[in-house]
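Peer 1: Here is the input, now give the coordinates:
(one chain, ligands or ions: 1)
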Amino acid sequence: MAGMQDGAAFPFGRPRRLRRGPVLRDALADVTLRAADLILPLFVTDGDTPRPVASMPGVSQLPVPQAAALVAELAGRGLRQFIFFGVTPDDKKDAAGSYAWAPQAPVNRALAAVRDAGLSADVVTYADLCFCEYTDHGHCGVLRAPAPVQPRVERSETRASPPFPEVDNDRTLENLGRAAVAQARAGADVVAPSGMMDGQVGAIRAALDAAGFPHVAILAYSVKYASALYGPFREAGAGGMKFGDRRGYQMDYRRRREWRTELAADLAQGADMVMVKPAATYLDIVYQVRQACAVPLAAYHVSGEYAMLQAAAQRGWIDLQQATLETLYAIKRAGADLIITYSAPQVLDALGA
Ligand SMILES: [Zn+2]
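Peer 2: Sure, this is the predicted structure:
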């Protein structure tokens with residue numbers, strides 16, 4: 001292409017000249033990965049002892065005091081951003097997920113513990129804001145009464161879901177406001193709605209402002225696909241569904257342009273930051289969202305992406321640290337400002353922190 005040439009053609013041009021030696025390679029690296037870019041997810045429980053998550057080596061459900069201690073320890077090594085997920089015992093689950101807005105729920109206690117430990121100036125706390133970890137049915141909101149079952153006449157339909165109640169969008173919005181206020185009251189710097197309800201960002205913003213929390217930011221899970229890669233998370237968060245799936249509210253990965261609609265809606269409703277989830281298998285989307293808006297962009301390197309690296313490394317098939325760094329650099333290169341990743345502590349090791 002005329003006018004686009006950088007450097008000369010072979011034999012005068014030899015790109016390998018600039019790959020000679022680590023000092024020059026480091027100097028020329030134009031994608032950076034810093035501890036400051038990373039957000040570590042933490043699963044907090046009502047229990048007394050840590051419970052390792054079998055499908056996510058290195059990840060445990062943590063009692064609140066241990067989670068707060070881990071935050072302090074990692075903050076001392078330069079990892080300063082944490083997102084909290086709650087693990088709810090079955091006897092605290094109900095149809096609405098009301099434990100999400102109880103001050104004694106583990107997420108709210110963990111946020112308060114970090115604040116009360118005097119860490120507020122050293123770390124930023126994010127609270128995942130959804131109901132799937134709190135409802136007895138495992139869906140991301142309250143359910144609408146089931147529609148009467150119609151006799152099925154089309155015998156050729158092979159992918160029909162069994163009839164089950166649907167999540168009631170607008171009633172769920174009211175509860176999101178309640179839970180967001182409880183998280184803000186507990187000390188969350190950022191709330192992160194992940195349920196893909198229409199109108200959720202605006203409803204949460206209005207509730208926070210009305211309750212006196214205009215300074216609490218919203219990181220919207222704006223572009224979240226229904227993904228098989230969330231599997232290990234459901235073990236970690238004890239948030240599996242009793243029936244159905246989440247394709248009624250999470251996005252369909254076979255649609256290339258739908259993210260524009262979700263992104264525009266969340267920005268119009270006041271999202272301070274937006275997210276693409278999953279990350280490593282959606283780099284095209286990360287790149288396009290980066291080009292399409294000016295707000296900070298987070299990407300969630302999800303449990304399945306983490307588990308695949310861990311499993312392959314356990315078999316000796318890949319080098320864990322190198323493969324993890326390469327993956328996270330790819331997410332940064334695609335345009336993410338922030339990466340939510342279970343690998344954050346290992347990355348600290350790699351960065352020498
Ligand atoms: Zn959810």
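
Peer 1: Check this structure for its longest helix and report it.
Peer 2: helix 169-186 (DSSP state H).

Peer 1: which parts of it are buried?
Peer 2: By 16 or more other CB atoms under 10 Å, the buried positions in helix 169-186 come out as 169, 172-173, 175-177, 179-186. Where you see a C-beta, it was placed from the backbone N, CA and C, and this is true even at glycine.

Peer 1: Averaged pLDDT, the next helix or strand after it. What do you get?
Peer 2: With elements assigned by DSSP states H and E, the helix or strand that comes after helix 169-186 is strand 190-193. Per-region confidence: strand 190-193 scores 98 on mean pLDDT.

Peer 1: Just confirm yes or no for strand 190-193 near the ion.
Peer 2: No - contact of strand 190-193 with the ion (CB under 5 Å from the ion) is absent, the minimum separation being 9.2 Å.

Peer 1: Helix 169-186 and the next helix-or-strand element following that strand, what's the angle between them?
Peer 2: Heading C-terminal from strand 190-193, the first helix or strand you meet, by DSSP H and E, is helix 200-210. Helix 200-210 and helix 169-186 are oriented at 40 degrees to each other (axes from the mean of the first three to the mean of the last three CA atoms, to 10 degrees).

Peer 1: lowest-pLDDT helix or strand in this protein?
Peer 2: Lowest mean confidence among the helices and strands of the chain (mean pLDDT, DSSP states H and E): helix 231-237, at a mean of 80.

Peer 1: who's in contact with that helix?
Peer 2: 43, 53-56, 59, 61, 85-87, 132-133, 239-240, 302-304, 306-307 (CB atoms under 8 Å, 6 or more residues apart in numbering).

Peer 1: change it to 7 Å
Peer 2: Contacts of helix 231-237 from elsewhere in the structure, counted by CB atoms under 7 Å, 6 or more residues apart in numbering, are 43, 53-56, 59, 61, 85, 87, 133, 240, 302-304, 307.

Peer 1: near the ion at all, the longest helix of the chain?
Peer 2: No - applying CB under 5 Å from the ion, one finds helix 169-186 out of contact with the ion, separated by at least 10.0 Å.

Peer 1: got the residues of this protein near the ion?
Peer 2: Checking the chain against the ion by CB under 5 Å from the ion, the hits are 130, 132, 140, 195.

Peer 1: With distance to Ala294 and secondary structure as added columns, please give those residues in JSON lines.
Peer 2: Listed next are the residues of the chain next to the ion as JSON lines, based on distance: CB to CB, whole Å; DSSP: H, G, I helix; E, B strand; the rest coil:
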{"residue": "Cys130", "distance to Ala294": "26", "secondary structure": "coil"}
{"residue": "Cys132", "distance to Ala294": "31", "secondary structure": "coil"}
{"residue": "Cys140", "distance to Ala294": "28", "secondary structure": "coil"}
{"residue": "Gly195", "distance to Ala294": "25", "secondary structure": "coil"}
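
Peer 1: and the contacts of helix 231-237, which are buried?
Peer 2: Among the contacts of helix 231-237, those scoring as buried are 43, 53, 55-56, 59, 61, 85, 87, 133, 302-304, 307 (criterion: 16+ other CB under 10 Å).
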